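1. Generate a structure from the sequence data that follows.
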Amino acid sequence: MRGVQRTDRARIRGSSKTAGGAAVPLQVPAATSRASDDLVSGVILAAGSAEQPMRVRTEASTDVIVREITIQPGGSTGWHYHPGQLIAVIKSGTLTRTLYDCSVEVTPAGSSFVEASGPRHVHLGRNLGTEPVVLYATYVLPQGSPLAIAADPPRCAARTL
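-> Sure, this is the predicted structure:
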């Protein structure tokens, strides 16, 4: 690895300046194969399964953002699209999405999906149920892009909604 000097104490080449301006070598403790259960913790925010294989692709610098979204009963996201892919897990409730071709996907709690990017993939998310929909969305976006862009509904939406 560039910038790493291997020693018994796994010292990293480089330095940090103290308040007095003196350079002090940066030190990293030696790696261990044992887990530090008392120092590492994690919480599963939501879990879901997808019926189809998932692929995430990027072509340039990327922002990855994780967001909790709540849609109250009767609520809607409005028609929109994403400039990058979105991976979602439904924690609770049931999300009903109308897609660009006016097909409808109903996604209950414990399920996940990927939304394709770009203006050809406009969609609308609604909560037609009686409890809030809570979902965790991971956005994989071109660096500096907005999370979503408002869009006009597709032509077929006038006939189906």
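
2. contacts and neighbour counts: CA atoms only from here.
-> Noted.

3. residue ranges with poor pLDDT in this structure?
-> Filtered on pLDDT under 70, the chain yields the residue ranges 1-37, 159-161.

4. Residue nearest the middle of it, spatially speaking?
-> Nearest residue to the geometric centre of the chain (Cα atoms, centre = their mean): residue 138, 0.9 Å.

5. burial count for the closest residue to it other than its chain neighbours?
-> Ranked by Cα to Cα, 6 or more residues apart in numbering and with sequence neighbours excluded, the top spatial neighbour of residue 138 is residue 66, at 4.4 Å. Neighbour count for residue 66, taken as other Cα atoms under 10 Å: 13.

6. how about residue 66, what does it touch?
-> By Cα atoms under 8 Å, 6 or more residues apart in numbering, the residues touching residue 66 are 136-139.

7. and these as JSON lines, adding secondary structure and distance to residue 81?
-> Output for these, formatted as JSON lines (DSSP: H, G, I helix; E, B strand; the rest coil; distance: Cα to Cα, whole Å):
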{"residue": "136", "secondary structure": "strand", "distance to residue 81": "17"}
{"residue": "137", "secondary structure": "strand", "distance to residue 81": "14"}
{"residue": "138", "secondary structure": "strand", "distance to residue 81": "14"}
{"residue": "139", "secondary structure": "strand", "distance to residue 81": "12"}
